[in-house]
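Asks: quick one: sequence and predicted model below, then my questions.
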Amino acid sequence: MSEILSHQIGRVLTLTLNRPQARNALNNELLTNLAETLEAAQQEQSIGAVVVAGNERFFAAGADLKEMASRDMPATLNDPRPQLWARIERFSKPLITAVNGYALGAGCELTLLSDIIIAGDNARFGLPEITLGIMPGAGGTQRLIRSVGKALAYRMVLSGEPIEAQQALQAGLVAEVHPAALTLEYAQKLAAQIACHAPLALQAAKTALRQAQETGLNQGLLQERQLFTLLAATEDRQEGIAAFLEKRPAAFKGR
Ligand code: CO8
């Protein structure tokens with residue numbers, strides 16, 4: 001059976017991680033599949049946003065430890081995983097993760113790479129790598145600290161202890177917490193709302209938001225202004241403003 005189930009409703013593509021026997025551990029095959037699916041979704045105009053979910057009990061238990069156990073340092077040096085993560089990161093449409101249960105190690109790193117995390121009240125976010133004699137290796141130390149700040153990031157990375165959904169909400173890691181049975185539904189609703197907006201404006205906004213985490217304020221402001229200016233050349237910008245003034249819904253075309 002496929003390790004990722006995919007299902008499109010309207011403009012929202014939902015990808016469900018499906019390796020329950022390994023608690024959705026992200027082996028290379030699953031990550032490759034995810035990268036390829038997102039690349040296809042990138043090209044598909046009918047898809048406006050993507051939701052990645054696990055099941056009601058777990059999102060993903062991290063890298064596949066059985067796969068990792070056999071890898072020595074030379075093999076780790078030549079590991080295709082960094083390229084796979086980079087391909088996933090290049091996805092420029094809105095990417096939402098719907099998280100119930102455990103999002104550990106690489107599973108947590110996948111949520112950190114997404115644009116918005118919607119959590120179930122049973123969600124647990126953690127980077128337990130330290131307990132295995134390793135450390136996060138797919139952005140965990142870099143993205144977590146930018147998301148939750150120094151105090152909690154150090155605590156989570158050095159202790160390996162996960163945090164619960166409410167703490168993740170307070171820390172600004174997740175955008176919303178819902179009863180676990182409704183997490184996916186809320187994530188899909190939000191994705192559908194987002195996916196109605198002009199695709200080029202969404203892409204530009206996502207690029208600018210990412211820049212905010214990577215550059216200084218002045219450079220970020222400059223890039224924001226450049227992207228804002230570029231959008232003035234789009235048909236959708238004319239349509240969006242005209243629709244508002246004419247008191248009708250906008251019909252965006254992605255141009
Ligand atoms: N990898 C492989 N198999 C796993 C993993 C995993 N990460 N997690 C669980 N499994 C397997 C178990 O081995 C077990 O298999 P089997 O039935 O064959 O014995 C099955 O899933 C069920 O596991 P449990 O009985 O433990 O299930 P529970 O529901 O009781 O517990 C937990 C679920 C809490 C998720 C528990 O399984 C757990 O703690 N898992 C390990 C979590 C972990 O340490 N994750 C970090 C992994 S390291 C990492 O992600 C580093 C990323 C760096 C990437 C660098 C790229 C360049």
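Replies: That came through fine. What you see is a predicted model; the values in this text were computed from it and never measured.
Asks: drop to CA atoms for contacts and neighbour counts, all remaining ones
Replies: OK.
Asks: could you pull out the strands in this protein for me?
Replies: With DSSP state E as the criterion, the chain has strands at 4-9, 12-17, 49-53, 58-60, 95-99, 102-104, 116-120, 124-126, 163-164, 176-178.
Asks: any chance of a markdown table for these, columns mean neighbour count, mean pLDDT and distance to the ligand?
Replies: Below are those laid out as a markdown table (neighbours: other C-alpha atoms under 10 Å; pLDDT from 0 to 100; distance: least, C-alpha to the nearest ligand atom, whole Å):
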| stretch | mean neighbour count | mean pLDDT | distance to the ligand |
| --- | --- | --- | --- |
| strand 4-9 | 14 | 97 | 16 |
| strand 12-17 | 23 | 98 | 14 |
| strand 49-53 | 27 | 98 | 15 |
| strand 58-60 | 29 | 98 | 7 |
| strand 95-99 | 28 | 98 | 13 |
| strand 102-104 | 27 | 98 | 5 |
| strand 116-120 | 27 | 98 | 16 |
| strand 124-126 | 26 | 98 | 8 |
| strand 163-164 | 18 | 98 | 13 |
| strand 176-178 | 21 | 98 | 20 |
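Asks: right, and Thr131 touches Pro162 too?
Replies: No - contact criterion C-alpha atoms under 8 Å: Thr131 and Pro162 do not qualify, at 11.8 Å.
Asks: more neighbours: those two, which one.
Replies: Taking other C-alpha atoms under 10 Å, Thr131 and Pro162 do not tie; Pro162 has more neighbours (21 against 13).
Asks: residues in contact with the more buried one?
Replies: 104, 124-128, 156 (C-alpha atoms under 8 Å, 6 or more residues apart in numbering).
Asks: could you do Ala243 as well?
Replies: 249-250.
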